[in-house]
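A.B. asks: Here you go, sequence then predicted model.
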Amino acid sequence: MADYAVVVMAAASRHCGAARVSAGQLSEETGLPAPTVQKIVTRLTSAGLLRSSRGVGGGLKLARPAAAITLADIVEAVEGPIALTACIEQGRAECTLEEACAIRPHWPIVNEALRGALANVPLTKLAETAN
């Protein structure tokens, strides 16, 4: 879902400053099925990345400038916290190596590096058209 969310947000950002856009329009522009776009839009709106309004003139808009929205924001909106492994979270231990794992103390560093890399990619960059 994260990859589709990036596609939807990039399409929405191209409408920035213009009239609001509907989920149906985003579906047409991206080629994604309407139910998928609606599900993604709901998550992105709940996460505060999109703003939705109903009625005449209603639709979707970015909740903040595209430059202030990152790839990390989008991924976390639909997938939750960014991590290569969830074993470091309390109550999420599903690994048989948990008690003897020498790498477990280092996962937070790895996960933060991954999140930091994604946080350095602004939506404006993702919305650029390729040459």
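C.D. replies: Everything's here; your move. Numbers count the residues shown, from 1 in each chain.
A.B. asks: any idea how far Cys87 is from the nearest residue to Val121 once chain neighbours are set aside?
C.D. replies: Nearest non-adjacent residue to Val121, counting by Cβ to Cβ, 6 or more residues apart in numbering: Leu71, 4.0 Å away. Placement of C-beta: from N, CA and C, glycine included. Relative to Cys87, Leu71 is positioned 24 Å away (Cβ to Cβ, to the nearest Å).
A.B. asks: Show me which of these two is the more surrounded one.
C.D. replies: Comparing Leu71 with Cys87 by other Cβ atoms under 10 Å, the one with more neighbours is Leu71, at 22 against 16.
A.B. asks: Who are the contact partners of the more buried one?
C.D. replies: Neighbouring residues of Leu71 by Cβ atoms under 8 Å, 6 or more residues apart in numbering: 6, 118-119, 121-123, 126.
A.B. asks: starting at the chain centroid, how far to stretch 108-128?
C.D. replies: 11 Å (Cα atoms, centre = their mean, to the nearest Å).
A.B. asks: CA atoms only: put that stretch into PDB for me.
C.D. replies: What follows is stretch 108-128, C-alpha atoms only, in PDB (Å, rounded to 0.1, in the frame of the first residue of the first chain):
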ATOM      1  CA  PRO A 108      16.900   0.900  16.600                       C
ATOM      2  CA  ILE A 109      19.900   2.400  14.900                       C
ATOM      3  CA  VAL A 110      19.200   0.700  11.600                       C
ATOM      4  CA  ASN A 111      15.500   1.600  11.800                       C
ATOM      5  CA  GLU A 112      16.300   5.200  12.500                       C
ATOM      6  CA  ALA A 113      18.700   5.400   9.600                       C
ATOM      7  CA  LEU A 114      16.100   3.900   7.300                       C
ATOM      8  CA  ARG A 115      13.500   6.400   8.500                       C
ATOM      9  CA  GLY A 116      15.900   9.300   8.200                       C
ATOM     10  CA  ALA A 117      16.700   8.400   4.600                       C
ATOM     11  CA  LEU A 118      13.000   8.400   3.800                       C
ATOM     12  CA  ALA A 119      12.400  11.600   5.700                       C
ATOM     13  CA  ASN A 120      15.000  13.300   3.400                       C
ATOM     14  CA  VAL A 121      12.800  12.700   0.300                       C
ATOM     15  CA  PRO A 122      10.200  15.500   0.000                       C
ATOM     16  CA  LEU A 123       6.900  15.000  -1.800                       C
ATOM     17  CA  THR A 124       8.000  17.800  -4.200                       C
ATOM     18  CA  LYS A 125      10.800  15.500  -5.400                       C
ATOM     19  CA  LEU A 126       8.400  12.600  -5.900                       C
ATOM     20  CA  ALA A 127       6.000  14.700  -7.900                       C
ATOM     21  CA  GLU A 128       8.500  15.900 -10.400                       C
END
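A.B. asks: Appreciated, that's everything.
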